[in-house]
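# Sequence first, then the predicted structure:
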Protein chains: 2
Amino acid sequence: MKNDLQIAKEIELKPITTIAEELNILDDIECYGKYKAKIDLSVMNNQRKDGKLVLVTAISPTKAGEGKTTMTVGLGQGFYHVGKQSVIALREPSLGPVMGLKGGAAGGGYSQVLPMEDLNLHFTGDIHAITSANNAICALLDNHIYQGNECEIDPTKIVFKRCLDLNDRTLREITIGQGSHVNGIERKDGFNITVASEIMAVLCLATSLEDLKERIGNIIVAYTKNDQPVFVKDLKIQGAITMLLKDALKPNLVQTCENTPAIVHGGPFANIAHGCNSIIATKTALKLGEYVVTEAGFGADLGAEKFLDIKCREGKLTPDCVVIVATVRALKMHGGVEYDNLKEENVEALAKGIENLAKHIDSIQKFNLPYVVAVNQFTHDTEAELEFLKKWCEENNHPCEIANVWLNGGAGAKELANRVIELVENNDQTFKVLYEREAKLEDKILTIAKNIYGARGVVYTDEAKNQLQKIKELGYEDFLVCMAKTPVSLSDDPKVLGRPTNFDITIREIRISAGAGFIVCLTGNVLTMPGLPKQPAALKMDVTPEGECVGLF
Amino acid sequence: MKNDLQIAKEIELKPITTIAEELNILDDIECYGKYKAKIDLSVMNNQRKDGKLVLVTAISPTKAGEGKTTMTVGLGQGFYHVGKQSVIALREPSLGPVMGLKGGAAGGGYSQVLPMEDLNLHFTGDIHAITSANNAICALLDNHIYQGNECEIDPTKIVFKRCLDLNDRTLREITIGQGSHVNGIERKDGFNITVASEIMAVLCLATSLEDLKERIGNIIVAYTKNDQPVFVKDLKIQGAITMLLKDALKPNLVQTCENTPAIVHGGPFANIAHGCNSIIATKTALKLGEYVVTEAGFGADLGAEKFLDIKCREGKLTPDCVVIVATVRALKMHGGVEYDNLKEENVEALAKGIENLAKHIDSIQKFNLPYVVAVNQFTHDTEAELEFLKKWCEENNHPCEIANVWLNGGAGAKELANRVIELVENNDQTFKVLYEREAKLEDKILTIAKNIYGARGVVYTDEAKNQLQKIKELGYEDFLVCMAKTPVSLSDDPKVLGRPTNFDITIREIRISAGAGFIVCLTGNVLTMPGLPKQPAALKMDVTPEGECVGLF
């Protein structure tokens, strides 16, 4: 079978100007090469009527792979097969994982976003601009201390780290400012991967350049000797930093395998941040598509919850339907099957693992949204397994469609697209967020833990309790809650698959993302700088003398 | 008077497609926004006849400013005023100094390259791609050690540093890999500014994507426990790293204030590297312009020598004329006047300082090239001073023209352009490099020191002697020589202005840039990571809600 790169290279792309012309925004784009463009921010605010917003989420991810992005692209293409025009809105891939484990990709098979080489390498430079902006803050901060420290920053209380868009474990914990005193003040520091930077979160939540500047100004970079927060605006650099991001804030237009429009913009981590493409990208897509298909990171417990409670609230977005992606393979893993045995039929394990799906459906229902289970068909799925899955959905009144978008592209999602249209057109529910902004922070956290994870309660470490107290003193009680939990389990224990019950969620640490406007509740160790594997994907990569990429897959 | 940004904003730019159309390369470009484009590598190899190559260099730089880039742009524009078509080729500005002292700029007044905001911020992402490529090498190298260290790298003998395109003194000397053992192997490290990276030097010397890959493979990253060099190719990542640079290798097309074409590409440091725009940019420009005006960093002792001995040799380029920029102000400083007293007429000091110009002229003559002194006129230059300068040139048979390109743009360089044309058309000299590649390294160094700096001899520290021995053992005797010396003085003592005599050059350290193919001879402390000043330019920068930059000047 062909791999993703081979398929990608066979596709004849349309010039991006043609894609823009079809969307009536030829005058509102700036080309970045022949197949990428930036869309002017004005498009988002034009007078056209918004399209319908469809969120693609999934069951708890397993090693088996669920294909959420592939389904998103396939569904976006699928709408065209049933006479509806659509735009998809996705996150930008980070270079770190591309060079490390993943080797790249944005979707797969005949449901990819293209040009995949550009997407997976530097794209339009957004992530590089964020790296620059992030590190400019750090350099200016350390320089501020070195040049007299007017803000009285305590060098041991700096919370804003440097970043690089790479997987580089050796930069997690470092000491800077060593050697001669002209090298600045020595202190402990560390690098995050750029997509884990608060700058990325802030860029993705901003609704205008002004809003971006305000959010950047509000980022807490450090505390004074008296424990008072020091903001980016205290350093008087929010203007310069926003200037560095003025182009990165514009959403990027590309296309799918079937030459349908795709907006790819922003890519915050789904643990330490909210894990969705930018609000600006989604709002722009809504002006351009009858149907907008977007996705959120990890499973519905993390990505969808944050999409609905954080992104939709901040962006005043009203979703119209949720697609919950499941695979027979992954559900079997949730039912206890080992990865190596997935090819064997096992309806019993499927019946057990399906509880994971059931919980995610239950969670989505709490938002008052119509939903459909999209079964992403894989080669080794047996008829009995697929039949079981369909029947279970039927018996429980869950809309369900099987789609094979990897192999068949949009044609593989026709039934799914039709079902979404039907659900959206007949929707008489009113979307509601899970918790009110005005609620107490503990109550907001408990609401998520109980309703979305199925937890019994929430336990706080002493450290977390103190941090919560501090957050309240700083006046951030009305902040939203961004949970950082293992995506692998509904609980905070990555070993427990399926649908765990009778467990508590332990909040170990709480951080403040004051620019983003949320607190981050860490339930375990969250790695904000990944490492490289023993055989990094980079070892297989090459470029031909003609400039063709090799080894992206 | 208007500042550079105000002037830049008044200029009506042509779409870059129009500029490309005028050069007959509309099918060979990829647009990056409306006013920037990347030019395909094939243009450099087309069948058109090469234009004439004019190098702009200068006297030893002083705080007074010489305006070498402004003169380069002005002369490029000036050719059009006398009926010749031209293309200029310049380096890309680094973001670090822009946020630090400089606040940006590429030329000045009515002799600027535009759009200046883009140029000074992320431009087409080349420098960001270099940062990524550089740091990917580092991450993969540290991962190699962590995952078993097959190459037996000695972690205390790693010579390839990380980099960022920022002025950040605290990253000069750091310790990485601290904390838990899953954070990699602890060791000393440091960051360079990206433009000081060997990757930048290599990109600017490469003549094709294949050549780039070979050069990257040849970069020495570390030594083994037995002191054997470890190359990038030993890590098997030269393909991946080159892939990251495939677009950065393409030269960028922009325009001047007068809508004439400008190619801006690559920007290696002029101390630790050779300080010129890329060979590919210059070769491409030669296919597109009757006259190509390019510049080299610092004064003629550094930039021009390296341009002629390194860049022209590696790129098989034959320059046709050299323009030596001088200002009354700077020559007065060389004659002993303090910066604050420069507005006062002082012919006596000028007469003394002119010896600096005399030495640089003398140096250029050794390359068998025609030259002209271009006096960059400033507001406070008096008639007596300009008259003295002109007369001195006349008496010594040095062609000389006064140009006021800041205020008058190309019109201010008409006489200069005519003089260059005359010199080029009547040139019967044959360009020769200063030293043969095959000569002994010590002889090559001595040749530069004596002929270009006017030194008596060369002294080596013990460390440098050992390094030289090592270099010979590694088989690099035929490498070219890249001198890293203070630009402020012809000697290696920055306090000695004018034309020093009876001095030795002390080589303190010798580094190997095996990818670039040269050794770097350090005559003093060379800062490869600048710091920020007490009041960084960033503090004045801002962006309007409409996306207009403020505070770039």
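Yep, it's here.
# Any residue of stretch A:168-188 touching chain B?
Yes. Stretch A:168-188 comes into contact with chain B (Cβ under 8 Å from any Cβ of the partner chain), by way of A:168-180, A:182-185, A:187-188. The way it works is simple: take the backbone N, C-alpha and C, and place the C-beta from them, glycine included.
# Of those, keep whichever come out buried.
Buried by 16 or more other Cβ atoms under 10 Å in any protein chain shown: A:168-178, A:183-185, A:187, out of the residues of stretch A:168-188 next to chain B.
# so residue A:433, which of the three states?
coil (DSSP: H, G, I helix; E, B strand; the rest coil).
# Sorry, slip of the keys, the one I care about is residue A:175.
strand.
# Endpoints of stretch A:117-130, how far apart?
Stretch A:117-130 has an end-to-end distance of 20 Å (Cα to Cα, to the nearest Å).
# quick one: the helices in the stretch 1-150 of chain A?
Applying DSSP state H, counting those that start in this stretch to the stretch 1-150 of chain A gives helices spanning A:4-10, A:16-22, A:68-81, A:95-97, A:116-120, A:126-146.
# which one is the residue of the stretch 301-450 of chain A found nearest chain B nearest to, not counting chain neighbours?
Closest residue of the stretch 301-450 of chain A to chain B, Cβ to the nearest Cβ: residue A:315 (18.2 Å). Distance criterion Cβ to Cβ, 6 or more residues apart in numbering or on different chains; nearest residue to residue A:315, sequence neighbours excluded, is residue A:279 at 3.6 Å.
# do the same with residue A:171
Among residues not flanking residue A:171 along the chain, residue A:191 sits closest, at 3.7 Å (Cβ to Cβ, 6+ apart).
# Same check on residue A:373?
Per Cβ to Cβ, 6+ apart, closest to residue A:373 is residue A:400, 4.2 Å.
# if we can go back for a sec, inside strands: which ones of the residues of stretch A:168-188 next to chain B?
Assigned to strands by DSSP state E, the following of those qualify: A:174, A:175, A:176, A:187, A:188.
# Tell me the one of these nearest residue B:13?
Of all these, residue B:13 sits closest to residue A:176, with 41.4 Å by Cβ to Cβ.
# Quick one: residues contacting that closest one.
By Cβ atoms under 8 Å, 6 or more residues apart in numbering or on different chains, the contact list for residue A:176 reads A:142, A:184, A:186, A:187, A:188, A:189, B:170, B:171, B:174.
# Quickly find the element holding the closest residue to chain B within the stretch 201-350 of chain A.
Of all residues in the stretch 201-350 of chain A, the one sitting closest to chain B is residue A:239 (3.1 Å; Cβ to the nearest Cβ). Element membership for residue A:239 (DSSP states H and E) is helix A:238-244.
# From residue A:111, how far off is the residue in chain A sticking out farthest from the centre?
If you look at how far each residue of chain A sits from its centre, by Cα atoms, centre = their mean, the farthest one is residue A:180, at 42.1 Å. Distance, residue A:180 to residue A:111, by Cβ to Cβ, to the nearest Å: 56 Å.
# same question, residue A:283
24 Å.
# What score does the residue nearest to residue A:171 have for pLDDT?
What the model reports as pLDDT for residue A:191 is 98.
# residues in contact with it?
For residue A:191, the contacting residues are A:161, A:162, A:163, A:164, A:168, A:171, A:172, A:174, A:529, by Cβ under 8 Å, 6+ apart.
# could the residues you listed go into a markdown table alongside pLDDT?
Listed next are these as a markdown table, based on pLDDT from 0 to 100:
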| residue | pLDDT |
| --- | --- |
| A:161 | 98 |
| A:162 | 98 |
| A:163 | 98 |
| A:164 | 98 |
| A:168 | 98 |
| A:171 | 98 |
| A:172 | 98 |
| A:174 | 98 |
| A:529 | 96 |
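# Mind checking which of those residues are in helices?
When those are checked against helices using DSSP state H, none is located there.
# And those residues, which is closest to chain B?
Looking across those and measuring by Cβ to the nearest Cβ, the closest to chain B is residue A:168, at 3.9 Å.
# Could you list which residues are in contact with that closest one?
A:96, A:191, A:529, A:531, A:532, B:135, B:138, B:139, B:142.
# if you set the cut-off to 6 Å instead, what comes out?
For residue A:168, the contacting residues are residue B:139, by Cβ atoms under 6 Å, 6 or more residues apart in numbering or on different chains.
# Got the phi and psi for it?
Main-chain dihedrals, residue A:168, degrees, to the nearest 10: phi -150, psi 90.
# Find me the pLDDT at residue A:104, would you?
Predicted confidence (pLDDT) for residue A:104: 68.
# With residue A:66 instead?
On the pLDDT scale, residue A:66 is placed at 86.
# Test my guess that it contacts residue A:58.
Yes. Using Cβ atoms under 6 Å, residue A:66 makes contact with residue A:58 at a distance of 4.6 Å.
# which residues are in contact with both of those two?
residue A:325.
# Find the nearest non-adjacent residue to the residue of the stretch 201-350 of chain A closest to chain B, please.
Using Cβ to Cβ, 6+ apart, the closest residue to residue A:239 is residue B:542 (3.1 Å).
# cool, and residue A:344?
residue A:337 (7.9 Å).
# Repeat that for residue A:93.
Of all residues not flanking residue A:93 in the chain, residue A:120 sits nearest, at 5.3 Å (Cβ to Cβ, 6+ apart).
# All set now, cheers.
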